[in-house]
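# Sequence isn't available, so here's the structure alone:
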């Protein structure tokens, strides 16, 4: 499935929610991992403001891709943000959406 790069060069980005481990299976407690590197994955809420519009995105990042102490309200830069559409069926219900993934998040200067 194709993914699309997102240009945040003119946007202001803030942490909305601190990183939390992303679960592959909530019942067993199995953490999601990156297929290529094996690094654990986390999800962080980001508030992106650009051209007078603000949106909240849940972004998946490897646990090695963000600094310790990342907290709500901190201005950040996002490296390698991509969007990918998804679709699945669970209990006869079709679901679809867009997922966001970044290579790293760094503190803004």
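On my side now, so go ahead. Just so you know, these numbers come straight off a predicted model, no measurement behind them. Numbers count the residues shown, from 1 in each chain.

# tell me the phi and psi of the residue of the chain most remote from its centre?
Largest separation from the mean C-alpha position in the chain: residue 92, at 27.4 Å (C-alpha atoms, centre = their mean). Torsion angles at residue 92 (phi, psi; degrees, to the nearest 10) stand at phi 80, psi 0.

# quick one: residue 69 from residue 82, how far?
25 Å (C-beta to C-beta, to the nearest Å). In short, each C-beta sits where N, CA and C put it, glycine included.

# Between those two, point out the one with more neighbours.
residue 82 (15 against 8; other C-beta atoms under 10 Å).

# Okay, and the beta partners of that one?
residue 5, residue 101 (DSSP bridges).

# Residue 64 - that's part of a helix, no?
Yes: assessed with DSSP: H, G, I helix; E, B strand; the rest coil, residue 64 lies in a helix.

# Could you check how far residue 8 is from residue 92?
With C-beta to C-beta as the criterion, residue 8 and residue 92 are 38 Å apart.

# ditto for residue 69
Residue 69 is 43 Å from residue 92, by C-beta to C-beta.

# per-residue confidence at the residue farthest from the centre of the chain?
Note on residue 92: pLDDT of 89.

# Would you agree residue 108 is in contact with residue 75?
Yes: between residue 108 and residue 75 there is a contact under C-beta atoms under 8 Å: 3.9 Å.

# Pull the number of nearby residues for the closest residue to residue 80 other than its chain neighbours.
Leaving aside its chain neighbours, residue 80 sits nearest to residue 103 (3.3 Å; criterion: C-beta to C-beta, 6 or more residues apart in numbering). A count of nearby residues for residue 103, using other C-beta under 10 Å, gives 12.
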